[in-house]
Structures are given as structure tokens and as C-alpha cells.
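>>> need a structure here:
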Amino acid sequence: MEATTPQTSRRRFFKLAGITTAAAGLGAVALGALAHGRRHGGGPVDPAKMEQHLDRMLRHMYVEIDATDAQKQKLDPIVKQAAKDLAPLREQVRAARQEGVKLLSADTIDRGAIERFRVQQIGATDAASRRFTQALADVAEVLTPEQRRKLAAHAGRRRHGRGGMAFG
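Predicted structure coming up:
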């Protein structure tokens, strides 16, 4: 049996996260809205602009999957609440990046502080992953199996077309 290293565990986690995202397609909607602000200066995300971006992305998704009016009424609050819940992570990620650089560029390397920082980041990532997965499952329950397949196929095309994850 092969030994599991932190790197292979992390790789396995990200593969699972990518598959889950492609299966439900929510990542293209919610995280695309969060990334929207980063493309335009990297400042705080304007809630009104995020709402507009979400609306536009949802309209595209609804056309792609032939969503019914009843499904649209259920999906809108699921996606919008998930985006609102995940929005603060953008600033946390920026702050964490700065903290990591600070720890690694200090005159003296404090391995204990680096380890505490790592554990803290894993906890934050786990919380975000938990919320994101909850939203994915909520969206998936609203859609039919055929709609989920259409969304997964669409997410796969976007991913391969951009050379990365199917976000925004």
C-alpha cells in the first residue's frame, strides 16, 4: 500500500473538489461572481456589481439547462446566498497571502508560526469547501438528472477552453 503524503492528500482533495464542481456547475456561477471583482482592480467586491454578475450568469445557466420558472425561483436564493456567504473569503485569502509572505520573508524563520498558519488555512479552506459543497448539493437537488448532465458538460467545455477550473 502506498503511503499518503500531505501533497497526495491535497491533490486528491482538489481533484474531488473539481469533479464535484463540474458535476453541479455551481462553481461557474457563484465563484465567477466573486472573481469578477478581482479582474477589475482587486479591491473589495461591490455587492451591487456581484448581484448583477450573478443575475447574468444565472440567466446563462438557465438557458443552458432549460430551467423551469419553479427551478429558477428555487435556485436564485441558493446561489445568491452561497455567493454572499463565500464573498468574505476573498479578503481573507488576500490577507493570508500577505501573512504567508511575511512569515517566509522574516529575518528568522519561525516554523511553529508557519505550522499554525498552515493549520489555520486548512480550517478556513475546509469551512469554505463545506459551504460550497452544501450549495452544490442544494442546486443538484433542484435540477433533473438531465439538467445536471447538461451543466456538467457545459462546465467541462469551459474548463478545457480556458485551461483551468470552470469558474467565471
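>>> What is the burial count for the residue nearest to L104 when sequence neighbours are not counted?
Distances taken as CB to CB, 6 or more residues apart in numbering put I114 closest to L104, at 7.3 Å, once the chain neighbours are dropped. Any C-beta I mention is one placed from the backbone N, CA and C, and that applies to glycine too. The number of residues packed around I114, counting by other CB atoms under 10 Å, is 14.
>>> what about this protein, any weak spots by pLDDT?
Counting by pLDDT under 70, the chain shows low-confidence ranges at 1-45, 158-168.
>>> Helix or strand: which one has I114?
For I114, the host element (DSSP states H and E) is helix 111-142.
>>> tell me what that helix is packed against?
Judged by 3 or more CB pairs under 8 Å, 6 or more residues apart in numbering; DSSP states H and E, the packing partners of helix 111-142 are helix 6-24, helix 26-39, helix 69-86, helix 88-104.
>>> which parts of the last one are buried?
Applying a neighbour-count criterion of 16 or more other CB atoms under 10 Å, one finds 89-90, 96, 103 buried in helix 88-104.
>>> of all these, which two lie farthest apart?
Across these, the two members that end up farthest from each other (CB to CB) are R90 and L103, 20.9 Å apart.
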